[in-house]
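Asker: need coordinates for the following:
(chains A, B, C and D)
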Number of protein chains: 2
Amino acid sequence: MDSEAVRSFVRAAELGQLQHAADELGVTQQAVSKRIASLERDLEVRLFTRTARGVELTLDGQAFLPHARSIVAGVDRAVSAVKPGSRALRIDVLGLRSAQAVLLHDYWRSHPGTDLDVVTLKVDDPHVAAAAVQAGDVDASFRTVTDPATLPRDVHMVHAFDSPLELLVGPRHLLASARTLTPDRLRKLRIWVPGIVPRSEWAEFYDELVTAFDLRVDATGPNFGNEVLLDILAESSDVATLVGARDRYIWPANYDLRRIPITDPTLAYPLSLMLPKTNPHPGLRAITDHFATLTPLPGTVWLPSWARTAGRARRSTVDIAAADH
Amino acid sequence: MDSEAVRSFVRAAELGQLQHAADELGVTQQAVSKRIASLERDLEVRLFTRTARGVELTLDGQAFLPHARSIVAGVDRAVSAVKPGSRALRIDVLGLRSAQAVLLHDYWRSHPGTDLDVVTLKVDDPHVAAAAVQAGDVDASFRTVTDPATLPRDVHMVHAFDSPLELLVGPRHLLASARTLTPDRLRKLRIWVPGIVPRSEWAEFYDELVTAFDLRVDATGPNFGNEVLLDILAESSDVATLVGARDRYIWPANYDLRRIPITDPTLAYPLSLMLPKTNPHPGLRAITDHFATLTPLPGTVWLPSWARTAGRARRSTVDIAAADH
DNA sequence: GCGAGCCACAACGAACAGTTGTGCGCGCCT
DNA sequence: AGGCGCGCACAACTGTTCGTTGTGGCTCGC
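Answerer: Numbers count the residues shown, from 1 in each chain, chains lettered A, B, ... in the order given. Below you'll find the predicted structure:
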């Protein structure tokens, strides 16, 4: 089925005449006639009844029309999603199940009709992502560099939101029945966070976390995939992992894993959005505005050093001074 | 843009190999390769990076994929909307702005994902509509015959819901400031309801209404279109019309028309659905069930004689006896 | 009855899709 | 390192399709 044929059908149905549709589409009347005939042959139904003054939809044509409109709209959106120059807003996230993607989805649901494409760059180095932002390959990226001075000239980083961490444990774990936990309850506990890229911002985050709360985080091992991690968690009585509270982790129901919030202070990973300083995509404004309206995390919050800057995390810096001694 | 090319793209993206997609689609690998290449030429972007073990989506490919899925789904729905034998539920309504269509829309919104096509047969005679139901041209029709004995053997009529009427008046009308009206306030009032087909069920309805409440309804005039009717209403101090409370009438804001509910008794037009006795479309069941859950109209209700049968409109028959003397 | 308007059919050339055959690049295994 | 397997792309060929021009038939209105 050719989208141009569908488009011709829609216009012909709206205008009531193949001739007018043909004029509008810049082809001859005969071409439109053939396109419609070809659609009718494909579908094995008549779409129009031909009259002396034009065409009129049959019942099948009436039923087909709204779907045809949706196809045409889909094609137009698809084209505009990739057309260089006028493309829809495109944002890089770490993974489609990450809290970042969940938050973007929230935004999209509260702003219906926004053309938004979520992609993953599939690179580890945030500076590569920054380069992609600068080059315009993506309009923004949910990455963080711990030292803003290392960003390209034309890229800056804005705070998006702080993603609280939760402990994910199996049913036999020592802490499996806890409703909430404070960080000191995690001391010396085996926490396995596989797949962290050495020297990445996540590695730095866990380094600081380990130092601040005297934890035992094993973030160096290879990542055998989520299935392996979940398998081990489900069976173990002393291995746990940390996940973002809004990450969309899924596991088979029989695993019976539990997510336990961590409070006093809440441990949070600061998510930022990298975007170009000059000519940012117009749709970005609404997104960053949306982040600004999010309510801050309740209670005291621990953040890594690079997020404890003037102007934000006011409470957190104080809290941290206390937790850090 | 060819939908088969888009479908090939989606499957190739999901399977990671053109070869597998080709096997699945029953064409050669080269054909799929050319389809993708043709898409890439149309869109002027690369959708895949070619690797030794298959293909991988580019950023543009990632952005394109969800739209491609929506196109394929739209095409599939479009085909199933007209495919004889397995077609989606198709229901005839009098007009797309009628209360019938509004109610169907309500149903559809509360049952997302239902494949439902709303069409208009564009015939006046309900018996022609009944024939269309019997022939399977439509799965059901929102028409009414006042004498069920005149229906084809294989078609029956089920009550859908009672549509209350409201008076539609312009700002200068005598009753323009009323919040509600009782039918006796309408006595002798000029009520213009153009476009009623003589001897149709609507004509009978207004005949009974006129008799029951001593009204002055002009339902015989030609229908010059809604614009003319609304124009006249907007200017007149004594002409009004009756509309269904849930009809989606629209008019320019500067017309300042008002809808005034009628109560004690509420005047209601009984809407029914004609459907085949044998092999009704499976989706119809959910629709009729939906109607059954609707709350009946509050207060006393007047209905025309053919709707005052045993088993329903219990209160109404009593009310009518009173109103009718 | 005739003309205007609109759609369908016919014929032609260009373009395209799909096929088979082949080549090239890459990873892997010996 | 060399050869093999695998997967995609290019080439050549063929049947089909698309869009064009030209034409005919139908219906409505004058």
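Asker: which strand of chain A spans the most residues?
Answerer: strand A:155-169 (DSSP state E).
Asker: what lies in contact with the next helix or strand after it?
Answerer: For strand A:155-169, the following helix or strand on the C-terminal side (DSSP states H and E) is strand A:190-192. By Cβ atoms under 8 Å, 6 or more residues apart in numbering or on different chains, the surrounding residues in contact with strand A:190-192 are A:167, A:215-218, A:221, A:229, A:232, A:238-242. For the C-beta atoms, the positions are set from N, CA and C on the backbone; glycine is no exception.
Asker: partners of strand A:190-192 in the sheet?
Answerer: With DSSP bridges as the test, strand A:190-192 is paired with strand A:216-218 (parallel), strand A:239-244 (parallel).
Asker: want to throw those strands into CSV with mean pLDDT?
Answerer: Shown next, in CSV, are the strands paired with strand A:190-192 (pLDDT from 0 to 100):
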stretch, mean pLDDT
strand A:216-218, 86
strand A:239-244, 90
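Asker: ok, which of those comes nearest residue A:129?
Answerer: Judged by Cβ to Cβ, the one of the strands paired with strand A:190-192 that comes nearest to residue A:129 is strand A:239-244, at 18.5 Å.
Asker: which residues does the closest one contact?
Answerer: Taking Cβ under 8 Å, 6+ apart as the rule, strand A:239-244 contacts A:98-99, A:163-170, A:173, A:175, A:189-193, A:217, A:229, A:232-233, A:249, A:259, A:267, A:269.
Asker: out of the contacts of strand A:190-192, who's nearest residue A:120?
Answerer: Residue A:120 lies nearest to residue A:229 out of the contacts of strand A:190-192, by Cβ to Cβ, at 19.4 Å.
Asker: report how many residues lie close to that closest one.
Answerer: Using other Cβ atoms under 10 Å in any protein chain shown, residue A:229 has 21 other residues around it.
Asker: not counting residues beside it along the chain, what's closest to it?
Answerer: Counting by Cβ to Cβ, 6 or more residues apart in numbering or on different chains, residue A:229 lies nearest to residue A:194, which is 6.0 Å off, once chain neighbours are set aside.
Asker: tell me how far that neighbour lies from DNA strand D.
Answerer: Per Cβ to the nearest atom of the strand, to the nearest Å, residue A:194 is found 28 Å from DNA strand D.
Asker: and that residue, backbone torsions?
Answerer: Dihedral pair for residue A:194: phi -70, psi 160, per degrees, to the nearest 10.
Asker: and it, how far from residue A:249?
Answerer: Residue A:194 sits 14 Å away from residue A:249, going by Cβ to Cβ, to the nearest Å.
Asker: can you select the buried ones among the contacts of strand A:239-244 for me in PyMOL?
Answerer: Per 16 or more other Cβ atoms under 10 Å in any protein chain shown, the buried members of these correspond to this PyMOL selection:
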select buried, chain A and resi 98+99+163+164+165+166+167+168+169+170+173+175+189+190+191+192+193+217+229+233+249+267+269
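Asker: where along chain A do the helices fall?
Answerer: A:3-15, A:18-25, A:29-43, A:59-82, A:99-110, A:126-135, A:201-213, A:226-235, A:284-293, A:314-324 (DSSP state H).
Asker: does the shortest one come close to chain B?
Answerer: No. Using Cβ under 8 Å from any Cβ of the partner chain as the criterion, no contacts between helix A:18-25 and chain B are found, and the smallest distance is 14.6 Å.
Asker: need the CA coordinates for that helix. CSV is fine.
Answerer: Extracted as CSV, the C-alpha positions of helix A:18-25 are listed here (Å, rounded to 0.1, in the frame of the first residue of the first chain):
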residue,chain,number,x,y,z
LEU,A,18,-10.6,13.2,-7.9
GLN,A,19,-10.0,16.2,-10.2
HIS,A,20,-9.5,18.6,-7.3
ALA,A,21,-7.4,16.1,-5.4
ALA,A,22,-5.2,15.7,-8.5
ASP,A,23,-4.8,19.4,-8.9
GLU,A,24,-3.8,19.8,-5.3
LEU,A,25,-1.3,16.9,-5.4
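Asker: nearest residue to the most centrally placed residue in chain A other than its sequence neighbours?
Answerer: Among the residues of chain A, residue A:101 comes closest to the average C-alpha position under Cα atoms, centre = their mean, at 2.3 Å. Excluding its sequence neighbours, the residue lying closest to residue A:101 (Cβ to Cβ, 6+ apart) is residue A:93, at 4.7 Å.
Asker: what's near enough to touch the one you found?
Answerer: Residue A:93 neighbours (Cβ under 8 Å, 6+ apart): A:100-101, A:104, A:118-120, A:142.
Asker: any idea how far it is from residue B:92?
Answerer: According to Cβ to Cβ, residue A:93 and residue B:92 sit 47 Å apart.
Asker: repeat for residue A:182
Answerer: Counting by Cβ to Cβ, the gap from residue A:182 to residue B:92 is 65 Å.
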